[in-house]
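Participant: Can you look at this prediction? I've put the sequence above it.
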Amino acid sequence: MSSNLYVGNLSFDTREEDLHELFTGYGEVVSAKVIMDRDTGRPRGFGFVEMAQEEDAQKAVESLDGQEFQGRNIKVNVAKPRESRPRGRSDNRW
């Protein structure tokens, strides 16, 4: 079963290829995504890595959490499910 990991405190220069390469050392990487700001198109400093095996994902968390990567100490943990939020305006002026 695959496992999705959150990777935080990334350098703004980090590319998806960099994340993929970093995590490949721990097992098969299904996907790697750096989250970009919708308005500016710049990286937001975090991303997600999906690994094919849960055991490999756990090894990556244990090995990489707090480690230096591209000049920053990254945060790596199992991603939590996204909370459902209502869409639309928050000021209730429809």
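Facilitator: That came through, no problem. Residues are numbered from 1 along each chain as shown.

Participant: Phi, psi for the nearest residue in space to Leu64 that is not next to it in sequence please.
Facilitator: Nearest non-adjacent residue to Leu64, counting by C-beta to C-beta, 6 or more residues apart in numbering: Val76, 4.5 Å away. No exception for glycine: its C-beta is placed from N, CA and C like everyone else's. The phi and psi values for Val76, taken as degrees, to the nearest 10, are phi -130, psi 120.

Participant: Name the residues linked to Val76 by a beta bridge.
Facilitator: Beta-bridge partners recorded for Val76 (DSSP bridges): Val7.

Participant: how close does it sit to Arg38?
Facilitator: Computed as C-beta to C-beta, to the nearest Å, the Val76 to Arg38 distance reads 24 Å.

Participant: These two: who's more crowded?
Facilitator: Val76 (22 against 7; other C-beta atoms under 10 Å).

Participant: Surely that one touches Val7?
Facilitator: Yes: contact criterion C-beta atoms under 8 Å: Val76 and Val7 qualify, at 5.4 Å.

Participant: Now do the strands in this protein.
Facilitator: Ranges of strands in the chain, per DSSP state E, are 3-8, 29-36, 43-51, 68-69, 72-73, 75-78.

Participant: Can you tell me the closest non-neighbouring residue to Gly27?
Facilitator: Of all residues not flanking Gly27 in the chain, Asp56 sits nearest, at 2.6 Å (C-beta to C-beta, 6+ apart).

Participant: burial measure for that neighbour, as a count.
Facilitator: 19.

Participant: which ones are touching it?
Facilitator: By C-beta atoms under 8 Å, 6 or more residues apart in numbering, the contact set of Asp56 is Ser3, Tyr26, Gly27, Glu28.

Participant: Narrow the residues you listed to those that are buried.
Facilitator: Applying 16 or more other C-beta atoms under 10 Å to the contacts of Asp56, the neighbour count classes Ser3, Tyr26, Gly27 as buried.
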